[in-house]
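S.K.: Could you look at this predicted model? Sequence included:
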Amino acid sequence: MRKKNCQAKPSCQTMEQMREKIKKICGIAYVVLTVIGATYIIMALLDMSYEIMSLLDVSLNIPAFSFGFIGARGVANPVLVMLLMLLYHAIILSVMLYVRSVFKDLRDGGSPFSRKVSIAASGLSGALISIGIMQAELLLIFAAVLVGLFAYIFDYGRILQEDADHTL
């Protein structure tokens with residue numbers, strides 16, 4: 001019955017096409033974030049091994065990628081350096097994986113105005129603040145504030161959507 005009503009209205013068909021396009025884009029973002037996450041794990045391991053080898057004055061002449069972890073060479077204790085680097089990379093990876101799961105939900109037809117999306121935006125804001133403090137970057141802290149404001153906007157949209165659902 002719904003399709004008959006939708007066929008009479010050309011805007012319904014356009015809305016359905018737009019939904020499918022958004023789901024497709026979210027699916028692509030999900031796959032891209034999966035590949036980036038896997039690549040990041042490899043790069044982070046290379047970065048940590050490179051930094052630890054340089055702290056211990058070990059040279060193997062292996063080309064490695066470095067994320068330029070700030071302050072690693074100024075710390076005398078290699079164990080502390082390793083813990084700081086693990087924390088740094090864990091923050092980035094956890095946010096990346098959580099945002100990836102949000103795109104998966106959107107790909108599967110979930111609403112962008114859900115509790116999960118607002119929590120993801122809040123988590124991203126907290127992670128950007130942490131990374132901004134670790135790297136002494138004011139721009140990252142400013143970006144974290146903006147993402148935090150978006151978290152409130154998504155939460156407000158969720159509340160409005162729930163209110164509209166209860167009204168119907």
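M.R.: Here it is on my side, so go on.

S.K.: where along the chain do the strands fall?
M.R.: For the chain, no strands are identified by DSSP state E.

S.K.: for it, which spans come out with low pLDDT?
M.R.: Confidence mapping of the chain against pLDDT under 70 gives the ranges 1-12, 55-78, 168.

S.K.: can you rerun that using 80?
M.R.: 1-13, 48, 50-82, 168 (pLDDT under 80).

S.K.: could you show me where the helices are in this structure, in order?
M.R.: Here the chain has its helices, by DSSP state H, at 2-8, 10-55, 78-107, 115-135, 138-167.

S.K.: Let me see the residues that make contact with the fourth one.
M.R.: In this case it means helix 115-135. 70-71, 84, 88, 91-92, 94-95, 98-99, 101-102, 105, 110-111, 137-141, 143-145, 147-148, 150-152, 154-155, 158 (C-beta atoms under 8 Å, 6 or more residues apart in numbering). Placement of C-beta: from N, CA and C, glycine included.

S.K.: Type out the PyMOL command that picks the buried ones from those.
M.R.: Filtering the contacts of helix 115-135 down to the buried ones (16 or more other C-beta atoms under 10 Å) takes a single PyMOL command:
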select buried, resi 84+88+91+92+95+98+99+102+105+110+140+141+143+144+147+148+151+154+155+158
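
S.K.: Buried deepest among the helices of the chain, which one?
M.R.: helix 115-135 (a mean of 18; mean count of other C-beta atoms under 10 Å).

S.K.: gap between Leu149 and Leu124?
M.R.: Applying C-beta to C-beta, to the nearest Å, the value for Leu149 to Leu124 is 12 Å.
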